[in-house]
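Enquirer: Build me a model:
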Amino acid sequence: MLSDAIKVGVERAPNRSLLYALGYTEEELSRPLIGVVSSFNEIVPGHMNIDKIADAVKAGIRAAGGTPVMFPAIAVCDGIAMGHVGMKYSLVTRDLIADSTEAMVMAHQFDGLVMIPNCDKNVPGLLMAAARLNVPAIFVSGGPMLAGHLKDGRRTCLSHMFEAVGAYKAGTLDEKGVLDYEENACPTCGSCSGMYTANSMNCLCEAIGMALPGNGTIPAVYSARLRLAKHAGMQIMDLVKRNIRPRDIMTPAAFHNAETVDMALGCSTNTMLHLPAIAHEAGLEISLDESNAISARTPNLCHLAPAGDTFMEDLDLAGGVYAVMKELTKKDLLDTSVLTVTGCTMEENLKDVKNLNEDIIRPIDRPYSLSGGIAVLKGNLAPDGCVVKQSAVAEGMMKHEGPARVFDSEDEAIAAIYDKQIHPGDVVVIRYEGPKGGPGMREMLNPTSAIIGMGLGESVALITDGRFSGATRGAAIGHVSPEAAAGGNIALVKEGDIISIDIPNCKIHLNVSDEELNKRRAAWVCPEPRIKTGYLARYARLVTSADKGAVLE
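Expert: Have a look, this model is predicted:
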């Protein structure tokens, strides 16, 4: 056992004395030591129940003959961090989580790991750690939130809440209406109820083979979530016994499966940052160019919020992620020979799975669209690519051309939107918000929700080198690479320049000649860094571009 390094032999008597100080018995130390990575905290709604999940995991480990040892991982609530300096600290925690988990596991030599994440950067951070460490591991999330209900009975969610603020600013919703959303949009613990980033990544844990069926969809408040956690605790013991490790599961074929499921589900654009970063830790490379090829052959089967009016609980009742995967196998879009944490292949896992609601999960011959939920656009404005959740874009905005309205920060843009300075046809450009320039690549849910809430969602586009929440909808194009702070052409855009967007053909173009761009580049001076000390300054020096997954060098 790996843990023998801290508990076997006379030379390890000092180590054992410290383990005895923790109250462990000789019998417990004779068993495999399983690290239980708990992301419990009291500030993130998606994590407030994880103490119960961790207890269930530990019960499962003990039932299967192991000794659980819990230690923490941090997590940020993107919704609470939104709209202020706190959002700069969201993406950067992904690497803190991976690094701190590596440190704890290597220092204490666990035989296996049960990772318990839930929210946006916490899931990919722990997946990165699992791929890097390559110790037997399994994931079980805290589960999604139930949808809310307004006083008139309509179902609602967090994305509606943000859009309600825009509606209030536009004068189409009063304070009483805002309060209705405020009190009812987030009714339970769990990761917010639409196909936002947290739920996207928890679903992709199943698709990539690192979690048991139901991980992404069983609601946080259901007792089935506790049973799932117990089974995860039991299953890690089988993975340790059989020495099945993350890199045996997270293969190139598994990542292609995950991207395919991503397209079918209509996941958050943030997956285009996280999957390459996780693959990088597994010694693999995912190119944004591959994403368009996968999207082109993968039909979009689900329209969960914000793309539609269904929620995670509906997907769960329809059969969950596995039911979506079963539909995809009907056209051989998945490699089902891959190994999973069940100890079986995906083909074996899917054998008896059925789509239980064809209104929630469209049959593969009756999809919402023939191509997937995400598109990567390229052109002179984004030579290395940019990303849009095309499944959440109004039909009339799939192709758009308009004048640039240029802002050098999210704060400037949101002020202009609320001040009604943005007009139908405009293309809002928000720059210097990328991984280096932000630093930290803030999510832009506030400006995109304001555009929707103010009735401009079908006439205004937004382009940024920052990124978006999974709750964003509309013609919101992020991850522009190279970013402005790295001298990308987005830094050279001037007020009134015409920008052409062609999502179906994956193109984005700044209608300015190369000669003019060269003149502007010669005169361009990169602004001084906004933050010069602390972790964010260090992050800015090390981080790569968004098209590379914003990994650290």
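
Enquirer: SS state for G214?
Expert: The local conformation at G214, judged by DSSP: H, G, I helix; E, B strand; the rest coil, is coil.

Enquirer: Just give the nearest non-adjacent residue to it, would you?
Expert: L228 (5.4 Å; CB to CB, 6 or more residues apart in numbering). C-beta here means a position set from N, CA and C on the backbone, and glycine is covered the same way.

Enquirer: Could you list which residues are in contact with the one you found?
Expert: V140, L212, G214, N215, I218 (CB atoms under 8 Å, 6 or more residues apart in numbering).

Enquirer: a helix runs through it, doesn't it?
Expert: Yes: applying three-state DSSP, one finds L228 inside a helix.

Enquirer: Begin at 727, not 1, for the rest of this chat.
Expert: Sounds good: first residue 727 from here, last item L954.

Enquirer: From F865, how far off is it?
Expert: Using CB to CB, to the nearest Å, L954 is found at 11 Å from F865.

Enquirer: Next, show the common contact partners of those two.
Expert: Joint contacts of L954 and F865 (CB under 8 Å, 6+ apart) are N941.

Enquirer: Could I get the pLDDT score of the residue nearest to G940?
Expert: You'll see L954 listed with a pLDDT of 98.

Enquirer: Same check on the one 4 residues further on?
Expert: Looking at A958, its pLDDT stands at 98.

Enquirer: Tell me the helices and strands packed up against the longest strand along the chain.
Expert: When the chain is parsed with DSSP state E, its longest strand is strand 1125-1133. Contacts defined by 3 or more CB pairs under 8 Å, 6 or more residues apart in numbering; DSSP states H and E place strand 1125-1133 against helix 1136-1144, strand 1153-1156, strand 1224-1228.

Enquirer: Turn the ones you listed into JSON lines, including distance to I842 and mean pLDDT.
Expert: Formatted as JSON lines, these follow (distance: least, CB to CB, whole Å; pLDDT from 0 to 100):
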{"stretch": "helix 1136-1144", "distance to I842": "32", "mean pLDDT": "95"}
{"stretch": "strand 1153-1156", "distance to I842": "35", "mean pLDDT": "98"}
{"stretch": "strand 1224-1228", "distance to I842": "40", "mean pLDDT": "98"}
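
Enquirer: Quick check: buried residues in stretch 1016-1030?
Expert: S1017, N1018, I1020, S1021, T1024, P1025, N1026, L1027, C1028, H1029, L1030 (16 or more other CB atoms under 10 Å).

Enquirer: residues touching the closest residue to the fourth one other than its chain neighbours, list them.
Expert: Distances taken as CB to CB, 6+ apart place G1098 nearest to S1021, at 3.6 Å, with adjacent residues excluded. For G1098, the residues meeting the contact criterion (CB under 8 Å, 6+ apart) are T986, D988, M989, A990, G992, I1020, S1021, A1022, T1024, P1025, N1026, S1117.

Enquirer: Tell me the spacing between the first one and E932.
Expert: Look at T986 and E932: by CB to CB, they are 13 Å apart.

Enquirer: out of these two, which sits in the busier spot?
Expert: More neighbours surround E932 than the other of T986 and E932, with 28 against 22 (other CB atoms under 10 Å).

Enquirer: before we move on, what SS does that one have?
Expert: helix.

Enquirer: Ignoring the adjacent residues along the chain, who's closest to it?
Expert: Excluding its sequence neighbours, the residue lying closest to E932 (CB to CB, 6+ apart) is V1047, at 4.4 Å.

Enquirer: what's the burial count for the closest residue to G868 other than its chain neighbours?
Expert: The shortest distance from G868 to any non-neighbouring residue, by CB to CB, 6+ apart, is to N844 (3.6 Å). Residue neighbour count, defined by other CB under 10 Å, stands at 31 for N844.

Enquirer: Also the one 10 residues further on?
Expert: Burial of M854 is recorded as 27 neighbouring residues (other CB under 10 Å).

Enquirer: So it is in contact with I1004, correct?
Expert: Yes: the criterion here is CB atoms under 8 Å, and M854 meets it with I1004 at 5.4 Å.

Enquirer: can you pull out the strands in the stretch 777-926 of the chain?
Expert: 793-798, 838-842, 863-865, 874-875, 881-882 (DSSP state E, counting those that start in this stretch).

Enquirer: Residues contacting the second one, please?
Expert: Yep, that's strand 838-842 we're talking about. Contact partners of strand 838-842, identified using CB under 8 Å, 6+ apart, comprise 758, 760-766, 776, 779-780, 783, 787, 792, 794, 831, 852-853, 855-856, 859, 861-868, 955, 958-959, 962-963, 965-966.

Enquirer: Return that strand as CSV; C-alpha atoms alone will do.
Expert: Extracted C-alpha coordinates of strand 838-842, given in CSV (Å, rounded to 0.1, in the frame of the first residue of the first chain):
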residue,chain,number,x,y,z
GLY,A,838,-6.9,6.2,-2.6
LEU,A,839,-9.0,9.4,-2.8
VAL,A,840,-12.7,10.3,-2.8
MET,A,841,-13.1,13.8,-4.1
ILE,A,842,-16.2,15.7,-3.0
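
Enquirer: Am I right that the residue nearest to E932 falls within a strand?
Expert: No: V1047 is assigned helix when assessed by three-state DSSP, not a strand.

Enquirer: Pretty sure L938 is one of the things it touches, is it not?
Expert: No: in this structure, V1047 is not within contact of L938 by CB under 8 Å, at 10.7 Å.

Enquirer: ok, back up a step: residues in contact with the residue nearest to E932?
Expert: Neighbour list for V1047: C929, E932, A933, P939, N941, G942, T943, V987, L991, L1041 [criterion: CB under 8 Å, 6+ apart].

Enquirer: residues near K1233, how many?
Expert: 17.

Enquirer: wouldn't it be in contact with L1103 here?
Expert: Yes: if you go by CB under 8 Å, K1233 and L1103 touch, sitting 6.1 Å apart.

Enquirer: circling back to that earlier point, confidence score at the residue nearest to E932?
Expert: On the pLDDT scale, V1047 is placed at 98.

Enquirer: Then G838?
Expert: The model's pLDDT for G838 equals 98.

Enquirer: Share the number of residues neighbouring it, please.
Expert: G838: 29 neighbours (other CB under 10 Å).

Enquirer: For it, list each beta-bridge partner.
Expert: Using DSSP bridges, the bridge partners assigned to G838 are I760.

Enquirer: before we move on, back to that, of the contacts of V1047, buried ones?
Expert: When these are checked for burial by 16+ other CB under 10 Å, the buried set is C929, E932, A933, P939, N941, G942, T943, V987, L991, L1041.

Enquirer: for those residues, which one is nearest G1069?
Expert: When the buried ones among the contacts of V1047 are ranked by distance to G1069 (CB to CB), P939 comes first, at 13.2 Å.

Enquirer: coming back round to it: what's the model's confidence in the longest strand of the chain, averaged?
Expert: Mean predicted lDDT for strand 1125-1133 stands at 98.

Enquirer: Straight-line length of stretch 912-928, end to end?
Expert: Start and end residues of stretch 912-928 are separated by 19 Å (CA to CA, to the nearest Å).

Enquirer: How far off centre is that stretch?
Expert: The chain centroid and the centroid of stretch 912-928 are separated by 10 Å under CA atoms, centre = their mean, to the nearest Å.

Enquirer: Go ahead and flag the most central residue of this protein.
Expert: T923 (3.4 Å; CA atoms, centre = their mean).

Enquirer: isn't that residue right up against L999?
Expert: No: using CB under 8 Å, T923 is not in contact with L999; the gap is 9.4 Å.

Enquirer: quick one on the thing from earlier: among the buried residues of stretch 1016-1030, give me the pair with the biggest separation.
Expert: Most distant of the buried residues of stretch 1016-1030, by CB to CB, are N1018 and L1030, 22.2 Å apart.

Enquirer: By neighbours, which of the contacts of L954 wins?
Expert: V866 (33 neighbours).

Enquirer: OK, contacts around that one?
Expert: For V866, the contact set (CB under 8 Å, 6+ apart) comprises I779, V783, V840, M841, I842, A937, L938, N941, L954, A955, A958.

Enquirer: 7 Å - rerun?
Expert: V866 sits next to I779, V783, V840, I842, A937, N941, L954, A955, A958 when contact means CB atoms under 7 Å, 6 or more residues apart in numbering.
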